[in-house]
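J.: would you be able to build a 3D model of this:
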Amino acid sequence: IDDFAYSLGIEVFATIEVLGHMEQYLKYWDAYYLKDTDSVLLADSEKTYEFLDLLIKTASAPFRSKNIGLAMDEAHDVGLGNYLKKFGYKPRMEIVLDHLNKVSEIAAKYGLAPKICGDMFFRLAGKNLQNFVDYDPRVQFTEEVVKKIPKGVQPVFWDYYHANEDFYSVNIDKHYEIFDESTLFAFTPLSLPK
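T.: Residues are numbered from 1 along each chain as shown. As a prediction, this is how the structure comes out:
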C-alpha cells in the first residue's frame, strides 16, 4: 500500500489510538493491567507506556512517512476508573496533557511527528459550559494548558456533524490558540454539505 501510494505521490501513515477507543482490546483479561475504564487506557502507568512504545513502533514500521496519528479522541471517562483507584484524583486535563507528553516522547524516539485529535482539549476546557460538546467556540484555554502541549504535535480537527462555515472557521482558529502547528482537518464524504 505504501509503495503504491508513494508511486502516485500520496503519503500514507498509520493512525492508532493511544488513549480512548480501546474497548476492543481492553475487554480481554490480558489487558486488564492497562485499563482505566472499559474504553480508556490507564495513563501514568509504566506498563501502558511499554505497550504504547511497542504499538507505535509496530504501527509505523511499514510506512516511509515520519507522520503518525495518535488520535487521543473521545476519552471521555479518562481518570475515572482504575486510574482513580490506583493514583487518586488528578484533574483530567492534567492526565491528558501528561499522557500526550509521554506518547510524544515515544513518537520522537522513533523520529515520528505526532498528529492528535483536538476534541479532548475543548471538551475538558469547556466542562463548565452549558452545552458539553466536543467543540464549543466559547472555550477558553488557560496559559498553563497551552504551555504543557509539546511542540511539534499537530492537531486534527474532526467534526462530522455541522454544515455551518462559521462553526469550522471559529474552531480552526481555536486550535491555533493551543497548538503551534497548523491544523489538519478530517472529514468524511458523508459529512460534506449537499
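J.: now Val96: which helix or strand?
T.: Counting by DSSP states H and E, the secondary-structure element that holds Val96 is helix 92-109.
J.: and that helix, what's buried?
T.: Buried residues in helix 92-109, counting neighbours by 16 or more other CB atoms under 10 Å, are found at 92-97, 99-100, 102-104, 106-107. The C-beta positions use only the backbone N, C-alpha and C, and glycine is treated the same way.
J.: of those, closest to Ser65?
T.: Ser65 lies nearest to Ala107 out of these, by CB to CB, at 12.4 Å.
J.: and the pLDDT at the residue nearest to that closest one when sequence neighbours are not counted?
T.: Nearest residue to Ala107, sequence neighbours excluded (CB to CB, 6 or more residues apart in numbering): Pro114, at 4.5 Å. At Pro114, the model reports a pLDDT of 97.
J.: touching, Pro114 and Gly152? I think so.
T.: Yes - counting by CB atoms under 8 Å, Pro114 touches Gly152, with 7.5 Å between them.
J.: of these two, who's got more company?
T.: Under the neighbour definition other CB atoms under 10 Å, Pro114 and Gly152 were set side by side, and Pro114 has more, 24 against 14.
J.: does that one count as helix, strand or coil?
T.: Using DSSP: H, G, I helix; E, B strand; the rest coil, the three-state assignment for Pro114 comes out as strand.
J.: beta partners of it?
T.: Pro114 has the following beta-bridge partners by DSSP bridges: Ile68.
J.: anything in contact with each of Pro114 and Gly152?
T.: Residues touching both Pro114 and Gly152 (CB atoms under 8 Å, 6 or more residues apart in numbering): Ser104.
J.: now this protein, which segments are flagged as low pLDDT?
T.: Along the chain, the parts satisfying pLDDT under 70 run over 128-133, 187-194.
J.: now the helices for it?
T.: Listed from the start of the chain, the chain has helices (DSSP state H) covering 2-7, 23-26, 46-60, 82-87, 92-109, 119-125, 143-148, 165-178.
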